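Peer 1: kindly return the folded structure for what I paste below:
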Amino acid sequence: MPRSRRSFLIAGSVALTALSGCQSIGQGEQSQISLTLRNYTDNPQPLKLELLREDERTHSEATVLNRDYTVPAPEDTDDSAGAIHESDVVPERQYLVRVLLKNGRFERFHAHYYPAESNTEAIEFGIYRDETTANLFVDFRSLS
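Peer 2: Numbers count the residues shown, from 1 in each chain. The predicted model follows:
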C-alpha cells in the first residue's frame, strides 16, 4: 500500500473516531438530584446526611455523600420551616438515605430513594418534633 493511501486511511479513521466521540457528548450525561432539608422545629438542627449506593458491598465504596449540616430554624413566625437547598448534588440513581439527628438522642432515620418512583428530582425531608413525646423525627418526602 502506498504511503499516501495509508496516511489517508489513518487520518480518516482518527477523524471518524473523534466525530463519533463528539456525538456522544451530552447524550451520556446523567441527571443530577438536588437536596432539600427542612426544619420545622424552634431550634437549629445539626445532622449527618449519608447517601449510599445500594449496589456496593462496603460502606466506603457505597458512600456517595457523607456531610454534616445544620438546618436553621424558621427565621420568623411567618416561615413554616428553616431550609437548606442544594442543587445538582449527586447523580440520579437508587440510594439508601441515612440521617443522624445530633440534637437529643442521636437518632438515625433512613429511607430509600428510587428515581423512577419519585415525582421530583430531589431528595427531600423535614425535621419535626413529636408533640406527645417531644422527640425529634424525620419525615422523608418522595422517598419510600
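Peer 1: find the centremost residue of the chain, please.
Peer 2: Nearest to the geometric centre of the chain sits V90, at 4.2 Å (CA atoms, centre = their mean).
Peer 1: buried stuff in the helix or strand containing that residue?
Peer 2: If you go by DSSP states H and E, V90 is part of strand 82-91. In terms of neighbour count (16 or more other CB atoms under 10 Å), strand 82-91 has its buried residues at 82-83, 86, 89-90. The way it works is simple: take the backbone N, C-alpha and C, and place the C-beta from them, glycine included.
Peer 1: got it, and stretch 100-119?
Peer 2: 100-101, 103, 109, 111, 113, 118.
Peer 1: contacts for that stretch, please.
Peer 2: With CB atoms under 8 Å, 6 or more residues apart in numbering as the test, stretch 100-119 has contacts from 31, 33, 43, 45-48, 50-51, 54, 92-99, 121, 123, 125, 127, 135-138, 140, 142-144.
Peer 1: that older thread, contact partners for the residue nearest to the centre of the chain?
Peer 2: 32-33, 51, 64-65.
Peer 1: C-terminal to the lowest-mean-pLDDT helix or strand in the chain, what's the next element?
Peer 2: Between all helices and strands in the chain, the lowest mean by mean pLDDT, DSSP states H and E belongs to helix 3-24, at a mean of 47. Per DSSP H and E, helix 3-24 leads on to strand 32-39 as the next helix or strand towards the C-terminus.
Peer 1: please save the CA atoms from that following strand in CSV.
Peer 2: Taking C-alpha atoms only, strand 32-39 is exported to CSV below (Å, rounded to 0.1, in the frame of the first residue of the first chain):
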residue,chain,number,x,y,z
GLN,A,32,-28.4,15.2,39.0
ILE,A,33,-30.5,15.1,42.2
SER,A,34,-31.0,18.1,44.4
LEU,A,35,-31.4,18.1,48.2
THR,A,36,-33.9,20.0,50.3
LEU,A,37,-33.7,19.8,54.1
ARG,A,38,-36.4,21.5,56.1
ASN,A,39,-36.6,22.1,59.8
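Peer 1: just the buried residues out of the contacts of stretch 100-119, in PyMOL syntax.
Peer 2: Only the buried entries of the contacts of stretch 100-119 go into this PyMOL selection, using 16+ other CB under 10 Å:
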select buried, resi 33+45+47+50+51+92+93+95+97+98+99+123+125+127+136+138+140+142+143
